[in-house]
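**Student:** pasted the sequence and its predicted model underneath.
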Amino acid sequence: MLVAQHSLPRPRSAEPVHAAAPFFCALAAVLALAGAAQAAERGLMISHPWIRSILPSLPAAGYFTLSNETATPRELVGARSPACGSLTLHRSISRGGTERMEMVKSVTVPAHGAVSFAPGGYHLMCLSPSGAVRPGQAIAVTLSFADGNTVTTDFPVRGAAGTRQ
């Protein structure tokens, strides 16, 4: 039985590979954190963003957690997205056994704290959603603050059950 043996050329030195390792590790870390870095602006961080789309013809709702890592309270005063005719701040409330939604002018994020935008509470209301607001897609959302700063990140769109597609 003949066995073919091939000899691969050996690298002259392993040092260039080892020298480049920190660069590639740093690059991987930067790429892994790209979503978080894109959403960070002066101590503000958006995490777990998503949009619930029930039917293309109905308004969609946006959910996320907004964290403030600074020593100063921050006031969220608006939102916008090219995928929504308008994108407003809302809150679901229950009074006397009746559930309803109301538009809010602002939401204060406490210093070193967070506010959750979740079903049954604060949320974004996407009125007149475009065709881009469909499960499996993602839409860019920009949050605006009273101090003039903005934070933009992508919100993946999920179906009525809120599950990932």
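**Tutor:** Yes, it's here.
**Student:** before we move on, what SS does the spatially most central residue of the chain have?
**Tutor:** The residue lying closest to the centre of the chain (C-alpha atoms, centre = their mean) is residue 49, at 3.7 Å. Assigned by DSSP: H, G, I helix; E, B strand; the rest coil, the conformation of residue 49 is strand.
**Student:** need the longest strand for the chain.
**Tutor:** Taking DSSP state E as the criterion, the chain has its longest strand at strand 84-95.
**Student:** related to what we said a few turns ago, isn't the residue nearest to the centre of the chain right up against residue 152?
**Tutor:** No: look at residue 49 against residue 152 with C-beta atoms under 8 Å: they stay out of range, at 10.7 Å. Where C-beta positions appear, they are placed from N, C-alpha and C, glycine not excepted.
**Student:** how close does residue 83 sit to residue 72?
**Tutor:** Using C-beta to C-beta, to the nearest Å, residue 83 is found at 31 Å from residue 72.
**Student:** okay, these two: which has more neighbours?
**Tutor:** residue 83 (23 against 13; other C-beta atoms under 10 Å).
**Student:** how about the more buried one, nearest residue that isn't a chain neighbour?
**Tutor:** Leaving aside its chain neighbours, residue 83 sits nearest to residue 139 (3.9 Å; criterion: C-beta to C-beta, 6 or more residues apart in numbering).
**Student:** do the same with residue 143
**Tutor:** Leaving aside its sequence neighbours, residue 143 sits nearest to residue 151 (C-beta to C-beta, 6+ apart; 4.8 Å).
**Student:** what's the burial count for that neighbour?
**Tutor:** 21.
**Student:** ramachandran coordinates for it?
**Tutor:** Dihedral pair for residue 151: phi -130, psi 130, per degrees, to the nearest 10.
**Student:** how about residue 163?
**Tutor:** phi -90, psi 150.
**Student:** show the pLDDT at it.
**Tutor:** On the pLDDT scale, residue 163 is placed at 79.
**Student:** can you check residue 120 too?
**Tutor:** The score at residue 120 is 93. That number is its pLDDT.
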